[in-house]
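Q: Output the structure for:
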Amino acid sequence: MTRVDGVSFSFPWRPAQDGLSIGVEETRTTAVVGRSGIGKSVLLRCVTGLLRPQSGSITIDGEEVVGAGRGGLLGIRAKIGMLFQEGALFDSMDLSENISFPLAWCSPTSSCGYAGFRARDAPGAVGGDEEEGRHRPGHDP
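A: Okay, the predicted model is just below:
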């Protein structure tokens, strides 16, 4: 379960979150929707530890995100799937290489071979095929 309890985050020019609390069960799919500038991305960046809120608590499977060190955040992030807006893929890599990059980089126990094996399966999981896994983002097939 992911819990956000009383989280507040402010930029110098305006607040983005003010005492936000939400719980998301592990088996649920939850969408964060709202108008531009409302704080959706700030919430997700706080949950992943990319931003540190000024107050409140965020836990993922009982592990505290706020205040976690680099090693703790790597372990927490290994449990999270995240897709950035505007693609944010490396255009010099094909889809499988993009998928395997964080697997190989973030996990000291993962070998590049294991990451590549997992990445080769990923395009099929989202309706693609092996050929699509070799397609480079931003380039026509």
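
Q: tell me the pLDDT at the closest residue to Val33 other than its chain neighbours?
A: Closest residue to Val33 apart from its sequence neighbours, by Cβ to Cβ, 6 or more residues apart in numbering: Lys40 at 7.3 Å. For the C-beta atoms, the positions are set from N, CA and C on the backbone; glycine is no exception. Turning to Lys40, the model gives it a pLDDT of 87.

Q: now swap in Ser21 and tell me
A: Value for Ser21, per-residue pLDDT: 94.

Q: Same check on Gly72?
A: pLDDT at Gly72 comes out at 88.

Q: ok, for it, nearest residue in space, not its chain neighbours?
A: That would be Glu63: by Cβ to Cβ, 6+ apart, it lies 7.1 Å from Gly72.

Q: Kindly report the domain assignment for the protein.
A: By the record's domain assignment, the chain is partitioned as 2-77, 85-141 (automatic domain parsing).

Q: between the ones you listed, which has the poorest average model confidence?
A: domain 85-141 (a mean of 57).

Q: ok, now which ones touch the residue nearest to Val33?
A: Residues near Lys40 by Cβ atoms under 8 Å, 6 or more residues apart in numbering: 32-34.

Q: Put together CSV for these, with distance to Gly75, secondary structure and neighbour count on each row.
A: Formatted as CSV, these follow (distance: Cβ to Cβ, whole Å; DSSP: H, G, I helix; E, B strand; the rest coil; neighbours: other Cβ atoms under 10 Å):
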residue, distance to Gly75, secondary structure, neighbour count
Val32, 23, coil, 13
Val33, 29, coil, 6
Gly34, 30, coil, 9
